[in-house]
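[1] Provided below are the primary sequence and the corresponding predicted coordinates.
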Number of protein chains: 2
Amino acid sequence: MITEKHQAPRPDPQAETTCCSPIDMPDVASSAVLDEVRVLSALADPTRLQIVTMLAGLDEPLCVCEIVPHFNLGQPTISHHLRVLREASLVVTEKRGLWVYYSLNRSVLERIVSSLGGLLSGSSATAILA
Amino acid sequence: MITEKHQAPRPDPQAETTCCSPIDMPDVASSAVLDEVRVLSALADPTRLQIVTMLAGLDEPLCVCEIVPHFNLGQPTISHHLRVLREASLVVTEKRGLWVYYSLNRSVLERIVSSLGGLLSGSSATAILA
DNA sequence: AAGATGTATTGACAACCATCAATATAGTTC
DNA sequence: GAACTATATTGATGGTTGTCAATACATCTT
């Protein structure tokens, strides 16, 4: 039903019938957006999110050989996931002899949290926590 | 080089040589993790992150015909992205006549922010903001 | 009822991704 | 140097994803 015009195409009271007067908006795919997307993509996998959770919870570097046995995945696969996290700057590595220790790069996680958090309160995508 | 043993495999001073005494850790791929991953995956795309940013910044529902012209993508592609956001519960729709209005579901965004934020300060993945 | 318009769906295709087995690399111990 | 160990890389494979063109669906207007 809905018989009145069609209830205002936009909340603006200038009742147009044609729809879609464009709105100024931040540029698509700016490099800042792409940076955020890289971090979000790194987090958007169960294994990697779990690794990040492990690292955040322990607050100590973990060596690969300690991470691997927590998953039903081969060592090369874990190594691949660690590489993705590293390339997103979410983790940092330190080599001690034969072992490689991974630790969380908290500043990057903070940046994403504040960026997403800024969407909630700030009028635009400005930082709120950092 | 590095001639001393190999500089403690783990920070623990019980100097083992074999490496890898496993550590108790949260279960992989629990449904909570998978839920988070779904939301993060929805956000991990430039177009979708931009749409979410638009909706968050305006704090008003946007109709599809207002969203489409901001991207160099066809209407079906935008519709697909909106579907992904909807299935992650990140957005909510309201139909007014011929138009469909999308608005941000802030509670879901809040949940992700607090979940990721909890990793930074909480000892485990507990909420910090909610 | 007929045409017009906004949105969603379908099918196809290329690009990407997670995984594994096998192998390479780097460091350590004998 | 030779054997060994921890980690990284490579190549292959099946599954997922982003995009488009075409079409379907729903609703409004005449």
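    Alright, I've got the coordinates. Numbering: from 1, shown residues only, chains lettered A, B, ... in the order given.

[2] any idea of the pLDDT on the residue nearest to the spatial centre of chain A?
    Geometric centre of chain A, nearest residue: residue A:40, 2.3 Å, by C-alpha atoms, centre = their mean. What the model reports as pLDDT for residue A:40 is 98.

[3] wouldn't it be in contact with residue B:48 here?
    No. Counting by C-beta atoms under 8 Å, residue A:40 does not reach residue B:48; the two are 9.8 Å apart. To be clear about C-beta, it is placed using only N, CA and C from the backbone, and glycine gets the same treatment.

[4] Parallel or antiparallel, list what pairs with the strand or helix carrying residue A:95.
    Assigned by DSSP states H and E, residue A:95 falls within strand A:91-96. With DSSP bridges as the test, strand A:91-96 is paired with strand A:99-104 (antiparallel).

[5] Return the following helix or strand past the strand it pairs with as PDB; C-alpha atoms alone will do.
    The first helix or strand that comes after strand A:99-104 along the chain, using DSSP H and E, is helix A:106-121. This file holds the C-alpha atoms of helix A:106-121, laid out as PDB (Å, rounded to 0.1, in the frame of the first residue of the first chain):
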ATOM      1  CA  ARG A 106      49.400  -3.300  20.000                       C
ATOM      2  CA  SER A 107      49.600   0.100  18.300                       C
ATOM      3  CA  VAL A 108      48.100  -1.300  15.100                       C
ATOM      4  CA  LEU A 109      45.300  -3.000  17.000                       C
ATOM      5  CA  GLU A 110      44.700   0.200  18.900                       C
ATOM      6  CA  ARG A 111      44.500   2.100  15.600                       C
ATOM      7  CA  ILE A 112      41.800  -0.200  14.200                       C
ATOM      8  CA  VAL A 113      39.800  -0.100  17.500                       C
ATOM      9  CA  SER A 114      39.900   3.600  17.600                       C
ATOM     10  CA  SER A 115      39.100   3.900  13.900                       C
ATOM     11  CA  LEU A 116      36.000   1.700  14.200                       C
ATOM     12  CA  GLY A 117      35.100   3.200  17.500                       C
ATOM     13  CA  GLY A 118      35.300   6.600  15.900                       C
ATOM     14  CA  LEU A 119      32.500   5.600  13.500                       C
ATOM     15  CA  LEU A 120      30.200   5.100  16.500                       C
ATOM     16  CA  SER A 121      30.500   8.500  18.100                       C
END
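
[6] per-residue pLDDT, residue A:110?
    97.

[7] Relative to chain B, how far out is it?
    Distance, residue A:110 to chain B, by C-beta to the nearest C-beta, to the nearest Å: 6 Å.

[8] What number of residues are in the vicinity of that residue?
    For residue A:110, the neighbour count with other C-beta atoms under 10 Å in any protein chain shown is 16.
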